[in-house]
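Novice: Prediction below, plus the sequence it came from.
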Amino acid sequence: MAKRERVVRMSVEQPLWRALTAYRVGTMIYAVLIFVFARDRYERPWVAVAFLAVMCVWTLATLPKVANAASCTKRFLIADLAVALTGILLTPLADQHAQSVDGPTLPTIWTAGAVLAYAIKGGWRWAGFASSLVAVANIVERAHPTRDTLHNVLLVWVASIAIGYVVEVARASERTLARALEIEAATRERERLARDIHDSVLQVLAMVQRRGTALGGEAAELGRMAGEQEVALRTLVAGGLTRPSLVSEDESEGAVVRVVEEPDDDTPVDLRALLAPRAGAKVTLSDPGAPVLLPQAAGQELAAAVGAALDNVRVHAGEDARAWILVEDWPDEVIVTVRDDGPGIPEGRLAQAEGEGRMGVALSIRGRLRDLGGTAELISVPGQGTEVELKVPRGTHPTDARGKAGTR
């Protein structure tokens, strides 16, 4: 048995957390040096010393909190921003001339580290919130803000929002890459299984079909069944072995572990993969060369309607009837046509069946398409077969999937 592949890769935002850690330590040292070289101008130096001591202890003690997104909790972000705002508002108390002289605040550029943590953790909206609070605190601290103060406040606000936006784009790109890697891995596995099946099971089934046909009698029936199973197996291998899936990411110590989850109703699904199992020795499927994407629930409902049409072919047209499925992918709608070579439906038969309470076509086919916002047209000529045309507009979701298979 092949060993299941587990893909683990580094998060694209992990270098940002490392840079933030270094930034906080570096700006902490910078703030202390600013005070040491300018301590003579402080009227209450003990206020500055007390705050800087708290800031240093806080910075060093919380380094693990800015190691990755999982450790950086909302509670930490609130407390960290509170420390930065407190340092800004305490500046006039330590230096009475701070409001009239455009000098640095007690935390200086250490404050930007708190804002950047918001940006990396929550994106540009969180960054805008944190930088706005810092801007208000700086304006209040200055009392009469100068042009340089307003310039610095605006610079921090724009830069933090830009970084938050870049982080969001990077995360979206990472999710797209994860999906691409998942599809690539599934494709390689499908190709490997196809090779193995072709070299073993398919060849055996083909041999049974040939020998059974040559022997005749009951062996010929076994050969026919083997031929049908060969066609069905080839279709299954070509169309995909698993349902479409989403890739979620669980960050732990900078690594991203990919987990396969069931898709929701909004997840695009390839209609070709849903219809491929319907093909066989007596059912021919013709589809475009490119994926025919529909919302998950809409695709399943449309495939169920096709299945109901094929059930009607098998029940009413006979076991020897052949059917053809044609899939057309248009910009504004998807059209699936199911045609058979059976005897057709006598005129008035559908109305009679609905009057007798047999609602196969009305519910299983027309009802499903109506819930999707689409239409189902049935054309039948006695002696010339039946054709069912199913149309589904793009971007639709089923409102009430109630259809049940029945008779026509």
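Specialist: Arrived safely. Residues are numbered from 1 along each chain as shown.
Novice: got the buried residues for stretch 31-42?
Specialist: 31-32, 34-35, 42 (16 or more other Cβ atoms under 10 Å). (Glycine included, C-beta is placed from N, CA and C.)
Novice: In CSV: these, plus secondary structure.
Specialist: Shown next, in CSV, are those (DSSP: H, G, I helix; E, B strand; the rest coil):
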residue, secondary structure
31, helix
32, helix
34, helix
35, helix
42, coil
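Novice: With respect to residue 130, which of these is nearest?
Specialist: Of all the buried residues of stretch 31-42, residue 31 has the smallest distance to residue 130: 18.6 Å, by Cβ to Cβ.
Novice: who's in contact with the closest one?
Specialist: The contact partners of residue 31, taken as Cβ atoms under 8 Å, 6 or more residues apart in numbering, are 52, 55, 106-110.
Novice: Okay, strands next: where are they in this protein?
Specialist: 8-10, 246-252, 255-261, 268-270, 283-286, 293-295, 323-329, 333-340, 375-380, 386-393 (DSSP state E).
Novice: so can I have JSON lines of the buried residues of stretch 31-42 showing pLDDT and distance to residue 320?
Specialist: Listed next are those as JSON lines, based on pLDDT from 0 to 100; distance: Cβ to Cβ, whole Å:
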{"residue": "31", "pLDDT": "91", "distance to residue 320": "87"}
{"residue": "32", "pLDDT": "93", "distance to residue 320": "90"}
{"residue": "34", "pLDDT": "89", "distance to residue 320": "92"}
{"residue": "35", "pLDDT": "88", "distance to residue 320": "94"}
{"residue": "42", "pLDDT": "81", "distance to residue 320": "99"}
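Novice: Closest to residue 341 out of those residues?
Specialist: residue 31 (84.8 Å).
Novice: check contacts around the closest residue to that closest one other than its chain neighbours.
Specialist: Sequence neighbours aside, residue 108 is the residue nearest to residue 31 in space, at 4.7 Å (criterion: Cβ to Cβ, 6 or more residues apart in numbering). Neighbour list for residue 108: 27, 30-31, 34 [criterion: Cβ under 8 Å, 6+ apart].
Novice: Can I get the residues you listed in CSV including distance to residue 317?
Specialist: Formatted as CSV, those follow (distance: Cβ to Cβ, whole Å):
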residue, distance to residue 317
27, 79
30, 83
31, 84
34, 88
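Novice: Show me the longest helix that occurs in the protein.
Specialist: helix 147-197 (DSSP state H).
Novice: what pLDDT, on average, does that one get?
Specialist: Mean pLDDT, computed over helix 147-197, is 80.
Novice: what helices or strands is that helix leaning on?
Specialist: Taking 3 or more Cβ pairs under 8 Å, 6 or more residues apart in numbering; DSSP states H and E as contact, the helices and strands that helix 147-197 lies on are helix 111-122, helix 124-142, helix 218-239, strand 246-252, strand 255-261.
Novice: Could you give the separation of it from the chain centroid?
Specialist: How far helix 147-197 lies from its chain's middle: 12 Å, per Cα atoms, centre = their mean, to the nearest Å.
Novice: Compute the inter-axis angle for that helix and helix 111-122.
Specialist: Angle of helix 147-197 versus helix 111-122, following axes from the mean of the first three to the mean of the last three Cα atoms, to 10 degrees, is 30 degrees.
Novice: Per-residue pLDDT of the closest residue to residue 45 other than its chain neighbours, please?
Specialist: Nearest residue to residue 45, sequence neighbours excluded (Cβ to Cβ, 6+ apart): residue 39, at 5.5 Å. Residue 39 carries a pLDDT value of 81.
Novice: same check, this time on residue 20
Specialist: 91.
Novice: That one: neighbouring residues, count only.
Specialist: When neighbours are defined as other Cβ atoms under 10 Å, residue 20 has 20 of them.
Novice: for the one 5 residues further on, same thing?
Specialist: By the criterion of other Cβ under 10 Å, residue 25 has 16 neighbours.
Novice: Roughly how far does it sit from residue 103?
Specialist: Residue 25 sits 23 Å away from residue 103, going by Cβ to Cβ, to the nearest Å.
Novice: Over to residue 129?
Specialist: Counting by Cβ to Cβ, the gap from residue 129 to residue 103 is 27 Å.
Novice: and of the buried residues of stretch 31-42, the nearest to residue 151?
Specialist: Taking Cβ to Cβ as the measure, residue 34 is the one of those closest to residue 151, at 19.5 Å.
Novice: Thanks a lot, catch you later.
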